[in-house]
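Trainee: 3D model of this:
(one chain, ligands or ions: 1)
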Amino acid sequence: MAGGEALRKFVAPEIVFGEGALELAGRFVRNLGGRRILVVSDPGVIAAGWTEKVLESLKGANLSVAVYENVRTNPSTASVMEGASVFVREQCDMILAVGGGSPMDCAKAIGAVVSNEQHVLEFEGVDNVSLPPPPLVCVPTTAGSAADVSQFAIITDEVRKVKFAIISKTMVPDVALVDPRTTLTMEKNLTVATGMDALTHAVEAYVSDASSPLTDLHALETVRLVARHLPGAAAALDNLEHRRGMMLASLYAGLAFSNAGLGMVHALAHSLGGALDLPHGECNALLLRHGCAANHSAVPERFARILQAFREGECMTSVCPVAPTPPEKVLEELVARVEVLGGISGIAVRLRDFGLRREDIPRIARFAYQDACLLTNPRHLDAAELEEVLHGAW
Ligand SMILES: [Fe+2]
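Mentor: Numbers count the residues shown, from 1 in each chain. Modelled structure (predicted):
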């Protein structure tokens, strides 16, 4: 039931937001009692220089480190198990992740593996991590995944060729050091794709069956911030004000979806991304409008409020002077906005542009139907209905 009638809880890590948060890594790790730290990162973030800055902060606090950098886009179970063996071999006692969703999700799963001494595949689904992982500090370098604040870790099973979700309160990092400067090195395509991921988090959380006043607040503010700052961030990649706005949007969206859950767009994006090894943000950017269309009839008043938040963001005011859109026009106007934002860069607009074959659609729909994110979708959809949505997007 969407709304405030049911009992709801809200979990979040300790968060430091603002320019300079990154330099606090050493202090926070020391306060958490860490002595030997496994730093999880990836080659792109290392090349951008952010990992080195974090390492400097750790070394400045007299902490010893081991670096695990073999994380690729869409982290695999093999990568998680390899990182866990580095943690054990190097006798680490804490984990710090620097990067986008891939290194952060990998770090979360590594923590679950080392404390529970289980294979990562055993944690799939909701509440399957028994023992809490070692302390985890996250330094996000994209404005989208919000893995630094969420209860989710998304891992790719290379055997089944599917992404699976680990959803557990134990997956919430201890500290998120959110420094908007780290997003200045993102190129345009990644800026838009990750921004669309944040927008999708907000929309899905707001229409989720598990939404509440606590999550609605963050979801709607995300929509305003994305409308206000994503076009500017994509047009001027070095504009720190827009980068800050998008980093805040990502953070708010993370707090919303972590506690309200997601929906069919993420279920489909996980299935599609796992099958074709596609970037997560691009899958969401393509699928979001189809998700809005499929879910609109279940919660039309919620979609009307999302459109209003869009307009408030565009107007740069908290109260938009433009008259509300008539109900029969809401979906059309909302979809048009989503298309414009996603169209800022060269993200594919049809699933066939991703290389998806029509004959693969039933399999994508079947895996999406099993995804934990579908549990909170406002409309119940079976595998055949998900197939229909995919055909519409093909
Ligand atoms: Fe996402």
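
Trainee: helices or strands up against the helix or strand containing Pro362?
Mentor: In this assignment (DSSP states H and E), Pro362 forms part of helix 361-369. Packed against helix 361-369 by the contact rule (3 or more CB pairs under 8 Å, 6 or more residues apart in numbering; DSSP states H and E) you find helix 264-276, helix 383-393. C-beta coordinates here come from the backbone N, C-alpha and C atoms, glycine included.

Trainee: would you turn the ones you listed into JSON lines with distance to Leu334 and mean neighbour count?
Mentor: Output for the helices and strands packed on helix 361-369, formatted as JSON lines (distance: least, CB to CB, whole Å; neighbours: other CB atoms under 10 Å):
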{"stretch": "helix 264-276", "distance to Leu334": "13", "mean neighbour count": "27"}
{"stretch": "helix 383-393", "distance to Leu334": "16", "mean neighbour count": "17"}
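
Trainee: For these, give me a markdown table that also has distance to Glu56 and mean pLDDT.
Mentor: Output for the helices and strands packed on helix 361-369, formatted as a markdown table (distance: least, CB to CB, whole Å; pLDDT from 0 to 100):
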| stretch | distance to Glu56 | mean pLDDT |
| --- | --- | --- |
| helix 264-276 | 34 | 95 |
| helix 383-393 | 45 | 97 |
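
Trainee: Identify whichever of those lies nearest to Asn74.
Mentor: Closest approach to Asn74 among the helices and strands packed on helix 361-369 (CB to CB): helix 264-276, 6.2 Å.

Trainee: ok, back up a step: the helix holding Pro362 - what's its average pLDDT?
Mentor: Mean pLDDT, helix 361-369: 96.

Trainee: Is it possible to get TSV of the helices and strands packed on helix 361-369 that adds distance to Ala256?
Mentor: Converted to TSV, these look like this (distance: least, CB to CB, whole Å):
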stretch	distance to Ala256
helix 264-276	13
helix 383-393	23
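
Trainee: Which one, of those helices, ends up nearest to Ala235?
Mentor: helix 264-276 (25.6 Å).

Trainee: how much space between Ala78 and Gly44?
Mentor: Distance, Ala78 to Gly44, using CB to CB, to the nearest Å: 19 Å.

Trainee: So if I had to pick from these two, which one is more boxed in?
Mentor: Gly44 (20 against 14; other CB atoms under 10 Å).

Trainee: Going by neighbour count, which residues in whichever strand or helix holds that one are buried?
Mentor: For Gly44, the host element (DSSP H and E) is helix 43-48. Using 16 or more other CB atoms under 10 Å as the test for burial, helix 43-48 gives 44-46, 48.

Trainee: Over to stretch 358-374?
Mentor: Quick answer for stretch 358-374 (16+ other CB under 10 Å): 360-361, 364-365, 367-369, 371-374.

Trainee: Tabulate these (JSON lines), appending distance to Val29.
Mentor: Below are those laid out as JSON lines (distance: CB to CB, whole Å):
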{"residue": "Asp360", "distance to Val29": "44"}
{"residue": "Ile361", "distance to Val29": "46"}
{"residue": "Ile364", "distance to Val29": "41"}
{"residue": "Ala365", "distance to Val29": "44"}
{"residue": "Phe367", "distance to Val29": "38"}
{"residue": "Ala368", "distance to Val29": "38"}
{"residue": "Tyr369", "distance to Val29": "41"}
{"residue": "Asp371", "distance to Val29": "34"}
{"residue": "Ala372", "distance to Val29": "31"}
{"residue": "Cys373", "distance to Val29": "32"}
{"residue": "Leu374", "distance to Val29": "37"}
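
Trainee: Taking the centroid of the chain, which residue is nearest it?
Mentor: Ser145 (2.5 Å; CA atoms, centre = their mean).

Trainee: ok, longest helix in the protein?
Mentor: helix 213-235 (DSSP state H).

Trainee: State whether Leu38 is indeed within a helix.
Mentor: No - read with DSSP: H, G, I helix; E, B strand; the rest coil, Leu38 is strand and lies in no helix.

Trainee: Pull the number of nearby residues for it.
Mentor: 28.

Trainee: Which residues does it form beta bridges with?
Mentor: Beta-bridge partners of Leu38, counted by DSSP bridges, are Ala66, Ile95.

Trainee: dump the residue contacts of it.
Mentor: 65-68, 83, 86-87, 90, 92, 94-96, 107, 110 (CB atoms under 8 Å, 6 or more residues apart in numbering).

Trainee: Looking at it now. What's its pLDDT?
Mentor: At Leu38, pLDDT is 98.

Trainee: gap between it and Leu278?
Mentor: Leu38 is 28 Å from Leu278, by CB to CB.

Trainee: From one end of stretch 110-121 to the other, what's the distance?
Mentor: The straight-line separation of the ends of stretch 110-121 (CA to CA, to the nearest Å) is 12 Å.

Trainee: Report the mean confidence score over that stretch.
Mentor: Mean predicted confidence for stretch 110-121 is 98.

Trainee: Tell me which residues are up against it.
Mentor: Here stretch 110-121 makes contact (CB under 8 Å, 6+ apart) with 38, 40, 68, 77, 80-81, 83-84, 87-88, 95, 109, 122-123, 129-134, 136, 153, 155, 157, 164, 166, 168, 170-171.

Trainee: For the stretch 251-394 of the chain, which segments count as helices?
Mentor: Applying DSSP state H, counting those that start in this stretch to the stretch 251-394 of the chain gives helices spanning 264-276, 280-295, 300-315, 330-342, 361-369, 383-393.

Trainee: Is it correct that Gly254 is in contact with Ala146?
Mentor: Yes - taking CB atoms under 8 Å as the definition, Gly254 is a contact partner of Ala146 at 2.4 Å.

Trainee: what do these two both touch?
Mentor: Going by CB under 8 Å, 6+ apart, residues that sit against Gly254 and also against Ala146 are 198, 201.

Trainee: Leaving out the residues flanking it, which one is nearest to Ala269?
Mentor: Nearest non-adjacent residue to Ala269, counting by CB to CB, 6 or more residues apart in numbering: Cys283, 3.8 Å away.

Trainee: check contacts around that neighbour.
Mentor: The contact partners of Cys283, taken as CB under 8 Å, 6+ apart, are 268-269, 272-273, 354.
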